[in-house]
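Undergrad: predicted model and sequence follow; I will ask about them next.
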Amino acid sequence: MMVLDAARSVAERHLAEALPRRWNHVQGVATRAEVIGPHLDGGPVLVAACWLHDVGYAPDLGATRFHPLDGARALRDWGADDLMCGLVAFHSAAAHEADVLGMLEGLRAFDDPQGLVRDLLWYLDMTTSPDGERVSFDDRMAEVRERYPADHYVSRALDGSMADRRGAVDRAESWLSSVGLAGQV
């Protein structure tokens with residue numbers, strides 16, 4: 001529990017005041033993860049990653065202004081393990097965005113932790129609105145397209161990453177169904 005309290009505290013300290021809407025999103029993602037946690041080996045890792053996945057947006061941490069990389073680097077500097085750093089670095093198809101930005105080499109300083117915890121993090125991130133509400137994957141992707149102009153790196157990377165995103169969501173939803181959590185998170 002102490003690790004989860006620390007993850008929440010770090011996220012709150014860096015996001016709540018500076019980026020309140022981002023903080024709302026993070027709270028929504030992590031609150032949903034807390035429902036999943038008891039049903040999953042690695043549940044505490046998932047919950048902590050959900051609290052920390054967007055910490056790189058914090059103005060005081062934004063060395064590159066690419067939040068997955070800035071967040072992973074900050075976590076590494078604070079002593080987080082390789083798994084947590086990798087989950088943050090690669091969350092929600094970040095490799096596609098890094099490629100568009102020319103930052104893929106920087107991201108490769110971290111390992112991409114394939115597997116269920118990663119898929120669930122992506123699922124929760126991509127089915128939680130900026131205000132912290134549960135939304136469908138399709139609605140969230142439409143919201144992202146509306147929020148960013150067509151020439152923004154997020155928009156440019158979205159089409160190329162859609163199969164990876166959809167795959168993670170499908171795998172997560174399948175697992176949630178298998179443990180009786182479909183529709184509950």
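TA: The structure has been received and is ready for your questions.
Undergrad: ranges for the helices of the protein?
TA: Using DSSP state H, the helices found in the chain span residues 2-15, 20-36, 43-52, 67-77, 82-89, 94-101, 104-107, 116-126, 137-147, 153-178.
Undergrad: nearest to residue 60, of the ones you listed?
TA: Judged by C-beta to C-beta, the one of the helices of the chain that comes nearest to residue 60 is helix 2-15, at 6.8 Å. Just so you know, the C-beta spots here come from the backbone N, C-alpha and C atoms, and that holds for glycine as well.
Undergrad: which residues are contacting the closest one?
TA: With contact meaning C-beta atoms under 8 Å, 6 or more residues apart in numbering, helix 2-15 is reached by 22-23, 26, 30, 44, 47-49, 51-52, 54-55, 57-58, 60-61, 78.
Undergrad: buried stuff in it?
TA: 4, 7-8, 10-11, 14-15 (16 or more other C-beta atoms under 10 Å).
Undergrad: so who does the nearest residue to residue 129 once chain neighbours are set aside touch?
TA: In this structure, residue 129 finds its nearest non-sequential neighbour in residue 135, 4.8 Å apart by C-beta to C-beta, 6 or more residues apart in numbering. Contact analysis of residue 135 by C-beta under 8 Å, 6+ apart lists 127-129, 143.
Undergrad: please indicate which of those are buried?
TA: Applying a neighbour-count criterion of 16+ other C-beta under 10 Å, the buried members of the contacts of residue 135 are 127-128.
Undergrad: out of the contacts of residue 135, which comes closest to residue 73?
TA: Closest approach between these and residue 73, by C-beta to C-beta: residue 128, at 24.0 Å.
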